[in-house]
Structures are given as C-alpha cells and as structure tokens.
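>>> next comes the sequence, and after it the predicted model I'd like to discuss.
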Amino acid sequence: MSGYIQEDIDPEELAHRTELASAIAGSVRDLIDATVRTEVGETDIAEARRLIAAATEILRKDQLPGPFGIRFNADGTKRSWGNAVLGRRNPIAPPVDIRHETEHSWLEVDLGPQYEGPAGLVHGGVLALVFDQLLGSTAEFQGVPGMTGTLTVRYRRGTPLGPIRGEARVDRVEGVKTFVTGTISVDGEVSAESEGIFILPRWARGEVPEAMRKSVGEG
C-alpha cells in the first residue's frame, strides 16, 4: 500500500528524532494558541508574520515530497507523525497519547482555545476526530483492526474546553467488521458517546487470522 514505509532506524537515533519532532510541533502548537488569543496591534502582527515566514523558509529547506505516511521500524514500532490526532510532527493534532489496557483503551488530553466550537466548548467535529482515532486504535490494539466504516456520535451535553478523558472498548466482532464503543467525559461526567464500525480492508484480510477475530468477538 502506498504511504506505508519500512525503515530501519537505530533506537537511539529514533528517540532523538522523536524528541525533535515533539519539540517543533509543540512550539508551533503554542504559536497557534497565541494566534487565536492575541490582541497585539498591527506593528506586532507584522513583525510576527516576518518571523513566521523566516521560520517557514528554514523548515522548507529540506522536506518530504508528500505526506509523512505510516512508517514501521525494524522492531515493529510504528510512526504516524503526520496523523491529525496522534502526529508528533503535526501541530494541529492535540497532544494525544492513547494508553491500552487488557480490555480497554483510554486517553487524557487538554483541548485548548484552538479547538473551540460553541463559545467555551469543544467543537463537535473535534470530538468526532478524537473518537475516530481512539476507537480505531482500540480495535487495532485488540488485534481486530480496520478502516472506519461508520462513526456515530451522540452529544449528551456540551464539552468544556480543557481536560477531557476518552475511553473505548471492543464491543463485538462480526466477520470483517469490528464494533467499538467509547465515551468522552469531563470531571467524571460523560459528555459524548460513540460507536464505530471498523472494516478490515480486502488487502489486509490475509494478515489477521479469523480465529483471532472470533476470539475477540467472543470475549
């Protein structure tokens, strides 16, 4: 599949690259937050634009010809650094770190002003974005991965900007379809619920044993 790249990077070098990626994305994420909330005047805006243009020129000196894609290291670890939710190089991605337990997955992330929809609340589309990644990652970790077929979100109440917690678990497996449910909560109160159906693409169906899919579904 195009965009899936196998690499062999020394673990120490990979750790260094990871640190650099997180650092530059964090700096630009701070810039986005500052841009949303700034009240400075025309002179300061002009100077900021000059500096941003200079920084952009530096970063354009050596860049990929297309998207980052998904890269696999020799030890099997995966890098999705351009991902809109998890991407370490992607400053529009909230700094999400999904944690996987035996039977469920979870995340905690602070969604700031750049993710606002209604006044003071997280944009519903951003919550759907987070759900899509969380539910899909949960299916993958449980050994029943797939591409998003459908994603249904029920917004029970407004989700205030700030810290949120997401949780997800595989509900059942039916053939090549994996059904995953999840919630987003604030201070222990659920503000949104979701169900996603993830379909194993044809090109990958020989790589996930049917017995594994059945065993997860029976659990």
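Arrived safely, thanks for sending.
>>> what about this protein, any weak spots by pLDDT?
Low-confidence segments of the chain, defined by pLDDT under 70: 1-2, 204, 207-219.
>>> let's verify the residue most central in space within it: helix, strand, or coil?
Nearest to the geometric centre of the chain sits residue 85, at 2.2 Å (C-alpha atoms, centre = their mean). Recorded secondary structure, residue 85: coil (DSSP: H, G, I helix; E, B strand; the rest coil).
>>> ok, now which ones touch it?
93, 94, 96, 129, 130, 132, 133 (C-beta atoms under 8 Å, 6 or more residues apart in numbering). Every residue, glycine included, has its C-beta placed from N, CA and C.
>>> what's the burial count for the closest residue in space to it that isn't next to it in sequence?
Setting aside the residues directly before and after it, residue 85 is nearest to residue 133 in space (C-beta to C-beta, 6 or more residues apart in numbering), at 3.9 Å. Residue 133: 23 surrounding residues under other C-beta atoms under 10 Å.
>>> also residue 70?
15.
>>> partners of it in the sheet?
residue 4 (DSSP bridges).
>>> need the contact list for it.
Contacts for residue 70 (C-beta under 8 Å, 6+ apart) come out as 3, 4, 5, 78, 79, 80.
>>> could you flag which of those are buried?
79, 80 (16 or more other C-beta atoms under 10 Å).
>>> distance to residue 12 added to the contacts of residue 70, as TSV?
Shown next, in TSV, are those (distance: C-beta to C-beta, whole Å):
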residue	distance to residue 12
3	26
4	24
5	20
78	18
79	15
80	21
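>>> and of the contacts of residue 70, the nearest to residue 32?
Within the contacts of residue 70, proximity to residue 32 (C-beta to C-beta) peaks at residue 80, which comes in at 20.1 Å.
>>> verify the contact between that closest one and residue 89 for me.
No - contact criterion C-beta atoms under 8 Å: residue 80 and residue 89 do not qualify, at 9.8 Å.
>>> intersection of neighbour lists for those two?
In contact with both residue 80 and residue 89: residue 68, using C-beta under 8 Å, 6+ apart.
>>> not counting the longest strand belonging to the chain itself, show me its contacts.
Using DSSP state E to define each element, the chain has its longest strand at strand 162-174. Strand 162-174 is contacted from outside by 103-112, 122, 130-131, 134-135, 138-139, 142, 144, 178-186, 191, 195, 213-214, 216-217, 219, using C-beta under 8 Å, 6+ apart.
>>> who's residue 105 bridged to?
Bridge pairing for residue 105 - DSSP bridges - gives residue 100, residue 168.
>>> so it touches residue 97, yeah?
No - the pair residue 105 / residue 97 is not scored as a contact, 11.0 Å apart, by C-beta under 8 Å.
>>> for stretch 67-84, buried residues please.
Buried-residue list, stretch 67-84, by 16+ other C-beta under 10 Å: 68, 71, 79, 80, 81, 82, 83.
>>> please read the previous query as pertaining to stretch 185-201.
Quick answer for stretch 185-201 (16+ other C-beta under 10 Å): 185, 186, 191, 192, 193, 194, 195, 196, 197, 198, 200.
>>> over to stretch 92-105?
The neighbour-count check on stretch 92-105 (16+ other C-beta under 10 Å) flags 93, 94, 96, 98, 104, 105 as buried.
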